[in-house]
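Enquirer: What follows is a protein structure lacking sequence information:
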């Protein structure tokens with residue numbers, strides 16, 4: 001059944017924009033700048049601030065055998081915070097373990113209530129054409145590369161890596177093991193210089209754990225605009241926050257971290273998963289996200 005969401009105060013880039021949406025089959029089919037006089041059921045959202053649900057990186061999903069522990073983890077870390085999609089990864093040390101580890105990880109999380117996108121984390125010695133081709137075959141959307149120093153970058157056959165990535169072109173993402181700030185800056189600088197010079201699809205900075213990913217990163221890993229947006233044709237996944245003076249002057253990151261108490265409703269693909277303080281846990285409702293092509297959408 002089609003209906004209209006009208007007078008929605010959309011928070012984007014620290015600004016509030018008033019929009020109305022025609023919803024059909026749990027998707028946004030049309031966006032209006034003002035409320036239109038159509039003969040549909042209408043829902044007035046003027047008392048709320050509306051955002052897309054958040055996509056966060058969380059690499060430490062616990063290895064637990066009990067459903068109750070996993071349920072509590074998912075509720076406290078994601079559903080209570082308005083996050084309905086997780087980017088995570090498995091650690092792979094040898095080329096031949098990729099397929100088996102992906103299968104095992106999916107089985108562990110088949111009761112997840114939120115959508116999950118699975119990347120891989122590898123030592124730099126595994127950045128080889130044969131391993132990249134295996135990642136491409138498995139539709140791995142992001143490859144996290146451990147950088148322990150500067151010399152490792154020189155041993156990678158970047159020309160062959162570029163060929164192996166094409167045409168899927170999932171991005172390489174740096175992970176720095178050094179805790180020294182100066183060393184980290186140097187390693188990241190060399191990483192950025194190398195991938196730009198070699199024209200490798202990559203993210204230049206480390207991704208921060210447990211906070212919403214930016215639109216640019218979501219696009220690079222192939223999630224935007226399918227998730228993390230409120231655009232024509234996208235799934236109906238959003239958060240509603242009670243309005244206040246403070247919320248009108250914050251960005252999405254601040255909402256996620258500090259204003260969970262004002263989160264009134266979370267909708268995930270058309271289903272309410274949070275209403276007030278009540279979280280509705282739907283085991284198995286989450287999907288494993290398969291990306292057809294990273295960086296497909298032009299920003």
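Expert: Here it is on my side, so go on. It should be emphasised that the depicted structure is a prediction, and the values quoted were computed from it without experimental measurement.

Enquirer: Residue 56: neighbouring residues, count only.
Expert: Residue 56: 23 surrounding residues under other CB atoms under 10 Å. For the C-beta atoms, the positions are set from N, CA and C on the backbone; glycine is no exception.

Enquirer: so it makes contact with residue 208?
Expert: No. At 9.4 Å, residue 56 does not count as touching residue 208 under the criterion of CB atoms under 8 Å.

Enquirer: Leaving out sequence neighbours, find the closest residue to the spatially most central residue of the chain.
Expert: Most central in the chain under CA atoms, centre = their mean is residue 55, positioned 3.4 Å from the mean C-alpha point. The shortest distance from residue 55 to any residue other than its chain neighbours is 4.4 Å, reached at residue 85 (CB to CB, 6 or more residues apart in numbering).

Enquirer: helix or strand for that neighbour, which one?
Expert: Following DSSP states H and E, the helix or strand that holds residue 85 is strand 83-91.

Enquirer: That strand pairs with which strands, and in what direction?
Expert: strand 54-57 (parallel), strand 115-123 (parallel) (DSSP bridges).

Enquirer: so which of those strands is the most packed in?
Expert: Mean neighbour count (mean count of other CB atoms under 10 Å) peaks for strand 54-57 among those, with a mean of 24.

Enquirer: Show me where the stretch 1-150 of the chain has its strands.
Expert: 3-12, 15-24, 27-32, 41-44, 48-52, 54-57, 83-91, 115-123, 143-147 (DSSP state E, counting those that start in this stretch).

Enquirer: contact partners of the first one?
Expert: It refers to strand 3-12. 16-23, 35-36, 38, 40-46, 48-51, 230, 243, 247, 251-252, 255 (CB atoms under 8 Å, 6 or more residues apart in numbering).

Enquirer: Narrow the residues you listed to those that are buried.
Expert: Buried residues within the contacts of strand 3-12, counting neighbours by 16 or more other CB atoms under 10 Å: 19-23, 35, 45, 48-51, 230, 243, 247, 252, 255.

Enquirer: Considering the residues you listed, which is situated nearest to residue 276?
Expert: Taking CB to CB as the measure, residue 276 sits nearest to residue 48 out of these, at 12.7 Å.

Enquirer: Pretty sure residue 241 is one of the things the closest one touches, is it not?
Expert: Yes. Using CB under 8 Å, residue 48 is in contact with residue 241, at 6.2 Å.

Enquirer: so what sits against both of those two?
Expert: Going by CB under 8 Å, 6+ apart, residues that sit against residue 48 and also against residue 241 are residue 264.

Enquirer: Let me see the mean pLDDT of the strand holding residue 85.
Expert: Strand 83-91 shows a mean pLDDT of 97.

Enquirer: Report the beta-bridge partners for the residue lying closest to residue 50 once chain neighbours are set aside.
Expert: Using CB to CB, 6+ apart and skipping the chain neighbours, the partner closest in space to residue 50 is residue 8 (4.6 Å). When assigned by DSSP bridges, residue 8 has beta-bridge partners residue 19.

Enquirer: now the residue nearest to the centre of the chain: how far from residue 125?
Expert: 30 Å (CB to CB, to the nearest Å).

Enquirer: and if you look at residue 79?
Expert: Distance from residue 79 to residue 125, by CB to CB: 38 Å.

Enquirer: Comparing these two, which shows the higher neighbour count?
Expert: Using other CB under 10 Å, the more surrounded residue of residue 79 and residue 125 is residue 79, with 22 against 12.

Enquirer: element containing residue 194?
Expert: Using DSSP H and E, residue 194 maps to helix 181-198.

Enquirer: which stretches of the stretch 1-150 of the chain have low pLDDT?
Expert: 35-36, 64-65, 150 (pLDDT under 70).

Enquirer: swap the cut-off to 90 and go again
Expert: 1, 12-16, 32-40, 60-70, 148-150 (pLDDT under 90).

Enquirer: all helices in the stretch 151-299 of the chain, in order from the N-terminus.
Expert: Ranges of helices in the stretch 151-299 of the chain, per DSSP state H, counting those that start in this stretch, are 158-165, 181-198, 215-220, 252-258.

Enquirer: Give me the residues contacting the longest one.
Expert: The set of residues external to helix 181-198 that reach it, using CB under 8 Å, 6+ apart, is 147, 149-150, 153, 158-159, 161-162, 172, 174, 176, 178, 200, 202, 204-206.

Enquirer: Could you do the shortest one as well?
Expert: Defining contact as CB under 8 Å, 6+ apart, one finds that helix 215-220 is touched by 55, 171, 201, 203, 207, 224-225, 227-229, 294-297, 299.
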